[in-house]
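A.B. asks: Quick one, what's the 3D model for this:
(one chain, ligands or ions: 1)
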Amino acid sequence: MNLQTELCALKAELPDNFFENIAKYKEHLFKWNKIHNLTGAKDEKTVDEFIYDAVFPVTFLPKCKNLLDIGTGAGFPGLILAIALPETEVTLVEPIAKRASFLQFIKADLGLENVRVVKKRVEEMPSEIFDIVTSRAVTDTDMLLKLSENFRDKNSKLLFYKGERVYDEVSKDLKHKVIKTQNRHYLLIGEDV
Ligand SMILES: C[S@@+](CC[C@H](N)C(=O)[O-])C[C@H]1O[C@@H](n2cnc3c(N)ncnc32)[C@H](O)[C@@H]1O
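C.D. replies: Modelled structure (predicted):
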């Protein structure tokens with residue numbers, strides 16, 4: 001995949017420095033990943049696919065003041081969304097020290113003033129309400145609904161990056177919709193979705 005071509009085709013509004021920041025991020029990720037096991041994505045093709053997957057929701061997400069990403073790992077999706085949405089205050093909660101340090105390093109090196117890294121399990125974070133809570137590859141939908149309880153209200157939206165088995169995880173009374181791409185089922189939950 002040519003990341004730039006694919007993303008431009010989405011006609012998503014990305015900031016002018018998006019691709020420059022993504023190039024820096026990738027360079028650091030490859031260096032750090034050789035020493036620390038930050039992510040299973042070891043080659044450029046896979047990392048580009050992860051980035052595309054992370055950023056695709058900017059095509060359908062409403063404007064938001066703040067966003068919480070639970071279990072960001074090496075940056076997916078929260079850090080990539082923060083690069084794409086400089087006006088949104090993004091909190092990345094990640095308990096593993098080497099991953100949280102990497103996120104903190106990227107924040108400093110790229111000068112991402114909209115990013116806050118919290119080196120904790122989400123259960124240890126004090127309650128705070130976010131417009132959007134995201135998560136990818138951390139746990140199932142039921143558990144994510146529990147883990148996000150202290151961080152959402154009736155106006156919040158939840159965006160969980162899921163696979164095709166997402167339908168087994170949602171009950172009829174949960175107000176939601178599923179947005180599909182070739183490789184992803186995005187589960188968007190909220191009162192007015
Ligand atoms: C499989 S990794 C996925 C990382 C990233 N979201 C991605 O898609 O590449 C799961 C991450 O969730 C983090 N995690 C697990 N339980 C968590 C919790 N209770 N609160 C916050 N993060 C958690 C782990 O430390 C790990 O980095």
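A.B. asks: how near is the most centrally placed residue in the chain to residue 137?
C.D. replies: Geometric centre of the chain, nearest residue: residue 77, 2.2 Å, by CA atoms, centre = their mean. Note on residue 77: its distance to residue 137, by CB to CB, to the nearest Å, is 10 Å. Using the backbone N, CA and C atoms, a C-beta is placed for each residue, glycine as well.
A.B. asks: list residues touching both of these two?
C.D. replies: Common neighbours of residue 77 and residue 137, counting by CB atoms under 8 Å, 6 or more residues apart in numbering, are residue 161.
A.B. asks: who in the protein is up against the ligand?
C.D. replies: Contacts of the chain with the ligand, taken as CB under 6 Å from any ligand atom, map to 39, 70-73, 76, 93-96, 99, 121-123, 136-138.
A.B. asks: Show me how to select, in ChimeraX, the buried members of the residues you listed.
C.D. replies: To isolate the buried ones among the residues of the chain next to the ligand in ChimeraX, judged by 16 or more other CB atoms under 10 Å, type:
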select :39,70,71,72,73,76,93,94,96,99,122,136,138
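A.B. asks: Which of the residues of the chain next to the ligand fall in strands?
C.D. replies: Residues from the residues of the chain next to the ligand lying in strands, with DSSP state E as the criterion: 70, 93, 136.
A.B. asks: Switch the residues you listed over to TSV; also include distance to residue 145 and pLDDT.
C.D. replies: Formatted as TSV, those follow (distance: CB to CB, whole Å; pLDDT from 0 to 100):
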residue	distance to residue 145	pLDDT
70	11	99
93	16	98
136	15	98
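A.B. asks: Which one of the residues you listed is nearest to residue 44?
C.D. replies: residue 136 (19.6 Å; CB to CB).
A.B. asks: Going by residue numbers, what spans are helices in the chain?
C.D. replies: Taking DSSP state H, the helices of the chain run over residues 3-9, 18-35, 44-55, 78-84, 97-110, 141-147.
A.B. asks: Comparing the ones you listed by mean pLDDT, which bottoms out?
C.D. replies: Of all the helices of the chain, the segment with the smallest mean pLDDT is helix 3-9, scoring a mean of 90.
A.B. asks: what's in contact with that one?
C.D. replies: By CB under 8 Å, 6+ apart, helix 3-9 touches 14, 19, 22, 48, 51-52, 55.
A.B. asks: What of stretch 34-46?
C.D. replies: Residues outside stretch 34-46 that contact it (CB under 8 Å, 6+ apart) are 1, 26, 29-30, 32-33, 47, 49-50, 73-76, 98-99, 102.
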